[in-house]
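A.B. asks: coords below, sequence missing:
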DNA sequence: GCTTGAATCGCATGATCATGCGATTGATGG
DNA sequence: CCATCAATCGCATGATCATGCGATTCAAGC
């Protein structure tokens, strides 16, 4: 009978927590702890031997001495692309969340998460999910919303209009744009009218936001 | 004793499902159904009367006749920025997921989700979370990883200041920001002064451009 | 107790913007 | 030749913004 349990490695510098996690995993049917390390360096040093039977999931503390958890994710993913990494942290630091996810983490939990939930999250990650705390999930979505994937609509702006729009984005007043383009301020107004029509907005702020989102300039 | 239940509106063209959801919500303590509509047009038509007591959460079917659920999200969010929208759909169509989220949805569930889970999701959204199915969550993260947001400098903005800045980015006037934050327009001015100082700019346009470049909102 | 700083509010004024309703020119294509 | 359209320019007016100079309140830290 093949071993169908989920193999997990733990990287955590606090020995108490590390042993706790290892025992939790090892002691639960369906889970198997294939390594408990106190630093990324240790884990990475064992990668050769792990490569024959790589862990499915790595629990990675984010605040590690030496190589940080964030850099650790990148390295692990580089060596073991099929392994998913679940970050563990004390704080919901927005920047660390982003960095971890961009580095390739598949989930993000707080250390205070009860053991049962941690096991659930490991299972979920193994099933292709992405366990996150509620607020983290929401933050991820909000970045998504301001970072739309290359939908790049063509707004059919003329060259002049793009030039004027670029001026707005750079914070120039109508007068400054007029000078820079060597046209009158009323012509600038006219161009801006047309830009607003084409972008379907009615304020400088909306035009700038749309221009930045869609990389129009 | 104040009414602390979560007010929910339902938009779903299938009358059976619509009524089922409405009864589920209305019949559960802690939840309150403030409207059940068969189309976005109906919901949007009622917005005026809803504005005094806007629903906390809108359950929105994605495949609606007329205005689609995706367009519906945008319109609802434009009118009621404080209301969260939970999308309901039959299929896990990748494009629809992205579009919904980019349009401003705060969660995404399949219609086959059991009633108890739907109620949980409503609660979660109300608590600032972002309920999603596991595969959707993973897809969102993978897009994130291929589209890393640029590292943002820390401008030490307070929470309020970020909120106001977000309003500017969305094209709101001072008055609209004041209403949304429930503060006076002069306070908005005051916050904007401080934002300009911290960002070292002196116009709305520059502030918006900087905010977008550095993903401050 | 005192200071400091963030968040709130008020008023006034000049600058800038949004938009309505015009007009002229010059290039392009039927 | 004429229609069309983008680019240019003009004026007027109400809305919105930028900024100066205030003030109060409340929580945190010394």
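C.D. replies: Arrived safely, thanks for sending. Remember, predicted model here, so these are calculated numbers, not experimental data.

A.B. asks: what residue is smack in the middle of chain A?
C.D. replies: residue A:101 (3.3 Å; Cα atoms, centre = their mean).

A.B. asks: check whether that one really touches residue A:107, as I assumed.
C.D. replies: No - in this structure residue A:101 lies outside contact range of residue A:107 using Cβ atoms under 8 Å: 9.2 Å. For glycine as for every other residue, the C-beta is placed from the backbone atoms N, C-alpha and C.

A.B. asks: which pLDDT value goes with the spatially most distant residue from the centre of chain A?
C.D. replies: Residue distances from the centre of chain A (Cα atoms, centre = their mean) peak at residue A:184, which lies 45.6 Å from the mean C-alpha position. Predicted confidence (pLDDT) for residue A:184: 94.

A.B. asks: now for it: which residues touch it?
C.D. replies: residue A:178 (Cβ atoms under 8 Å, 6 or more residues apart in numbering or on different chains).

A.B. asks: longest helix in chain A, please.
C.D. replies: helix A:185-199 (DSSP state H).

A.B. asks: packing partners for the helix or strand following that one?
C.D. replies: Using DSSP states H and E, the helix or strand that follows helix A:185-199 in sequence is helix A:204-213. Using 3 or more Cβ pairs under 8 Å, 6 or more residues apart in numbering or on different chains; DSSP states H and E as the contact test, the elements touching helix A:204-213 are helix A:159-169, helix A:185-199, helix B:159-169, helix B:204-213.

A.B. asks: is any residue of the following helix or strand past the first one near DNA strand C?
C.D. replies: To tie it back to what came earlier, the one meant is helix A:159-169. Per DSSP H and E, helix A:159-169 leads on to helix A:174-181 as the next helix or strand towards the C-terminus. Yes - if you take Cβ under 7 Å from any atom of the strand as the test, helix A:174-181 does meet DNA strand C, through A:174, A:175.

A.B. asks: and helix A:174-181 with helix A:185-199, angle?
C.D. replies: Per axes from the mean of the first three to the mean of the last three Cα atoms, to 10 degrees, the angle that helix A:174-181 makes with helix A:185-199 is 100 degrees.

A.B. asks: helix A:174-181 and DNA strand D, any residue contact?
C.D. replies: Yes - Helix A:174-181 lies within reach of DNA strand D by Cβ under 7 Å from any atom of the strand, at A:178, A:181.

A.B. asks: state the number of residues packed around residue A:33.
C.D. replies: 21 (other Cβ atoms under 10 Å in any protein chain shown).

A.B. asks: what mean pLDDT does the helix or strand containing it get?
C.D. replies: In the assignment (DSSP H and E), residue A:33 maps to strand A:31-37. Average pLDDT, strand A:31-37: 92.

A.B. asks: and that strand, what other elements does it pack with?
C.D. replies: So strand A:31-37, by 3+ Cβ pairs under 8 Å, 6+ apart, packs with strand A:6-11, helix A:15-26.

A.B. asks: of those, flag the one that's most buried.
C.D. replies: Highest mean neighbour count among these (mean count of other Cβ atoms under 10 Å in any protein chain shown): strand A:6-11, with a mean of 24.

A.B. asks: adjacent strands (with direction) for it?
C.D. replies: The strands that strand A:6-11 pairs with in its sheet are strand A:31-37 (parallel), strand A:57-61 (parallel) (by DSSP bridges).

A.B. asks: what's the angle between it and helix A:15-26?
C.D. replies: 180 degrees.

A.B. asks: give me the distance from strand A:6-11 to the chain's centre.
C.D. replies: Remark: strand A:6-11 is offset 22 Å from the chain centroid, using Cα atoms, centre = their mean, to the nearest Å.

A.B. asks: and stretch A:209-217, anywhere near DNA strand D?
C.D. replies: No - Stretch A:209-217 does not reach DNA strand D (Cβ under 7 Å from any atom of the strand); its nearest approach is 12.9 Å.

A.B. asks: got the buried residues for that stretch?
C.D. replies: A:209, A:210, A:211, A:212, A:213, A:214, A:216, A:217 (16 or more other Cβ atoms under 10 Å in any protein chain shown).

A.B. asks: circling back: which stretch of helix or strand covers the residue nearest to the centre of chain A?
C.D. replies: With DSSP H and E as the criterion, residue A:101 is inside helix A:94-103.
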